[in-house]
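> Sequence and predicted structure below; questions after.
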Amino acid sequence: MSISRRQFVQLMGLAGAAGMLPGCGGGKQAAKGPADLYNIPKTGNVTLMHITDTHAQLNPIYFREPNVNLGIGGAYGKAPHLVGDKLLSHFGIPKGGIEEHAFTYLNFAEAANKYGKVGGFAHLQTFIKQMRASHGPNNTLLLDGGDTWQGSATAYYTRGQDMVGACNMLGVDVMTGHWEYTYQDHEVIKNVNDFKGDFVAQNVFVRNDAAFDYKFSDFSGWNEDTSRAFKPYTIKEMADGIRVAVIGQSFPYTPIANPQRFIPDWTFGINDEAMQRVVDDVRENEKPDVVVVISHNGMDVDLKMASRVSGIDAIFGGHTHDGVPAPTIVKNKGGQTLVTNAGSNGKYVGVMQFDVRGGKVQGYDYKLVPIFSNFIEPDKEMTAYIANVRKPYLHELNEELAVSEELLYRRGNFNGTFDQVICDAQIEVGDAQISLSPGFRWGTSVLPGQTITMDNVMDQTCTTYPETYVREMSGADIKLILEDVADNLFNEDPYYQQGGDMVRVGGMDYTMTPKNKMGGRIDDMTLNNGTKIEANKKYKVAGWATVGSKAPGRPIWEVVADYLRVQKTVKIDKLNTPVIKNVAGNPGIDDYVKG
């Protein structure tokens, strides 16, 4: 069901009159309620809507923003490395209201109970239809930054097909990818073929040894002359003859961060020079009025790319799950580029309006719009689709495993409480001393007092390589793992950052100095009982999600489910977060408690 702009605004007003809209705090926020969030007047003649990193969350969810997102070196004190009050102050967001809850972790559980869940494709659909109706269907595009076809049980069981169908219904015009490449390569090609929009990726090439007799040579995106596996860009014709070029940039480290064995013939990379050539060719040969990049680099990488590649009006970024309320303006030799990032899990829609005149962008207006499901009527057609997709799996997904006595969350540079549950489960079920869990940034939140279902567990663990292991490792090996991931996270050069947060640990503690160099960040490793971890001694370690060869054990969700069925209630006795040195005053860390 589509609704008119007038009906949409009336719905918001009626909700407020009926007391459905929560009250707001004092000051500037007092006059602002949910209705104002969705009243976006048309200010330009091209509107680009942007979603990213929805991670297959078809239904509304809770999602806590981080209290630790450290910026090191040139990233210190800059977006996206701001949390809590520092983020509010930087972007001029008043304290105590709905926007504080939308963009920060502050008072999360209390505010989540007050304002309700966020996201949901049926609610996204209503908002997007409204935007298209009010701004003009020929003036709007919907861009998707990827990490959309993975992250839930139904996406896993359908190999991403449920999300392809949802994206087609949502009307996604252009997308790129990352976790989309964690299915088998033939499944990736099928999903891209079934997707009704344009899948673009200028930085994905076919290996030379595979290109001669390429097994997907009949795929329309393959270009034998350039060896690109997918179309590098697409041109969209808008109203009044305005031409918008959308270039794709997939996650450059996919074969390193995820199993290359699934996609053996494809290479990735940042490829600044190739990107500049594409931008220059598009500018010269296609004569666009607007050139944008839909990127899955991560925001720090996008900021550096924007300083090195000219001719891009805006980069719509993803991967790092940063909900950034305003663009960063990056100067380069061609002028400037706007860099944005639109969070994750369907929690936000970035709305960029361009004033395009004389063949170029003359001005812009940007809003990162939080999608509160309590205040947006769900689209009936999408609601029915979601119910149908989930129906075969509901018996499994609705199983009640345990009740949480505290807030369970993941997002942040170090262990979240749901990560700790996963780590504790591996130690208990695997009879291990230490556990390791990937620093994935996807995964929804569970409020205190809520039942943890199998659906919640799958939201935290649902990869295509979920197998577990228990093996012996030396103390030196454990330190090497921690040092390697720390360098990936805190290297001062964004081009050496490969995404994700610090590997989560259970059964051990350590000290971290993010400003140090590779090999010197990790120190004082001890077991939970205080015993020093020795370099030459062996320890029994449980883990999962191996990127190289397949691990031999059961899927991680079975291990966690077994643990929760026995526990029945969850209360974190010890959170294995490290002691962090030399970060006093860093605006990317707040309310940090060493477990």
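Looks like it arrived, so ask away. Quantities reported herein were computed from a predicted structural model and do not represent experimental measurements. Numbering: from 1, shown residues only.
> Where do the strands of the stretch 151-300 of the chain begin and end?
174-175, 198-199, 205-206, 233-237, 243-249, 266-267, 290-295 (DSSP state E, counting those that start in this stretch).
> quick check: mean pLDDT across the third one?
Read it as strand 205-206. Across strand 205-206, pLDDT averages out at 98.
> buried ones in the helix or strand Leu303 falls within?
Assignment of secondary structure by DSSP states H and E places Leu303 within helix 299-308. Buried residues in helix 299-308, defined by neighbour count with 16 or more other CB atoms under 10 Å: Met299, Asp300, Val301, Asp302, Leu303, Lys304, Met305, Ala306. C-betas here are computed from N, CA, C, even on glycine.
> Which member of those residues is positioned nearest Ser227?
Of all these, Ser227 sits closest to Met305, with 21.6 Å by CB to CB.
> Give the full set of residues in contact with the closest one.
Gln249, Ile270, Asp272, Met275, Ser295, Asn297, Ile315 (CB atoms under 8 Å, 6 or more residues apart in numbering).
> Could you dump these into JSON lines and include pLDDT?
Formatted as JSON lines, the contacts of Met305 follow (pLDDT from 0 to 100):
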{"residue": "Gln249", "pLDDT": "98"}
{"residue": "Ile270", "pLDDT": "96"}
{"residue": "Asp272", "pLDDT": "96"}
{"residue": "Met275", "pLDDT": "98"}
{"residue": "Ser295", "pLDDT": "98"}
{"residue": "Asn297", "pLDDT": "97"}
{"residue": "Ile315", "pLDDT": "98"}
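> Now the buried members of those.
Buried among the contacts of Met305 (16+ other CB under 10 Å): Gln249, Ile270, Met275, Ser295, Asn297, Ile315.
> Please verify my assumption that the fifth one contacts Tyr253.
Yep, that's Asn297 we're talking about. No: the criterion here is CB atoms under 8 Å, and Asn297 misses it with Tyr253 at 9.4 Å.
> that older thread, what is the nearest of the contacts of Met305 to Lys331?
Ile315 (13.8 Å).
> how close does His81 sit to Asp300?
In this view, His81 and Asp300 are 8 Å apart by CB to CB, to the nearest Å.
> overlap in contacts of those two?
Ala75.
> all helices of the stretch 51-200 of the chain, in order?
84-91, 98-103, 108-115, 121-135, 153-158, 161-170, 185-194 (DSSP state H, counting those that start in this stretch).
> Now do the same contact list for Gln353.
Lys42, Thr43, Gly44, Val46, Thr47, Leu48, His135, Tyr364, Asp365, Tyr366.
> What about these, which one has the most neighbours?
Leu48 (30 neighbours; other CB atoms under 10 Å).
> How about that residue: what's its closest non-neighbour residue?
Met352 (4.6 Å; CB to CB, 6 or more residues apart in numbering).
> List the beta-bridge partners for that neighbour.
Beta-bridge pairing for Met352 (DSSP bridges): Leu48, Tyr366.
> where along the stretch 201-350 of the chain do the helices fall?
Under DSSP H, counting those that start in this stretch, the stretch 201-350 of the chain gives helices at 208-211, 254-257, 272-286, 299-308.
> And Lys86, how close does it get to Gly74?
17 Å.
> ok, now which ones touch the nearest residue to Val330 once chain neighbours are set aside?
Counting by CB to CB, 6+ apart, Ala306 is the residue found nearest to Val330 once chain neighbours are left out, at 3.9 Å. For Ala306, the contact set (CB under 8 Å, 6+ apart) comprises Ile312, Ile315, Val330, Asn332, Thr337, Val339.
> pLDDT score for Ala306?
98.
> Equivalent analysis for Gly500, please.
pLDDT, read off for Gly500, is 86.
> List the contacts of it.
Ala257, Pro438, Gly439, Phe440, Arg441, Val485, Asn488, Leu489.
> for the closest residue to Val583 other than its chain neighbours, which residues make a bridge with it?
Among residues not flanking Val583 along the chain, Ile589 sits closest, at 5.6 Å (CB to CB, 6+ apart). Using DSSP bridges, the bridge partners assigned to Ile589 are Val68.
> Mind listing what's buried along stretch 219-237?
By neighbour count on 16+ other CB under 10 Å, the buried set for stretch 219-237 is Gly221, Trp222, Ser227, Arg228, Ala229, Phe230, Lys231, Pro232, Tyr233, Thr234, Lys236.
> so how far is Pro252 from Asn191?
20 Å.
> out of those two, which sits in the more crowded spot?
With neighbours defined as other CB under 10 Å, Asn191 and Pro252 compare such that Pro252 has more, 26 against 21.
> measure the more buried one to Asp562 for me?
Counting by CB to CB, the gap from Pro252 to Asp562 is 37 Å.
> Strand 290-295 and the host helix or strand of Val356, what's the angle between them?
For Val356, the host element (DSSP H and E) is strand 348-357. Counting by axes from the mean of the first three to the mean of the last three CA atoms, to 10 degrees, strand 348-357 lies at 160 degrees to strand 290-295.
> Mean confidence (pLDDT) on stretch 231-247, please.
pLDDT averaged over stretch 231-247 gives 98.
> Endpoints of that stretch, how far apart?
9 Å (CA to CA, to the nearest Å).
> Same check on stretch 457-475?
30 Å.
> Now do the buried residues in it.
Buried, per 16+ other CB under 10 Å, within stretch 457-475: 457-471, 473-475.
> In contact with the nearest residue to Ile72 once chain neighbours are set aside, which residues are there?
Nearest in space to Ile72, with sequence neighbours left out and distances taken as CB to CB, 6+ apart, is Phe490 at 5.0 Å. Neighbouring residues of Phe490 by CB under 8 Å, 6+ apart: Leu70, Ile72, Pro514, Lys515, Arg521.
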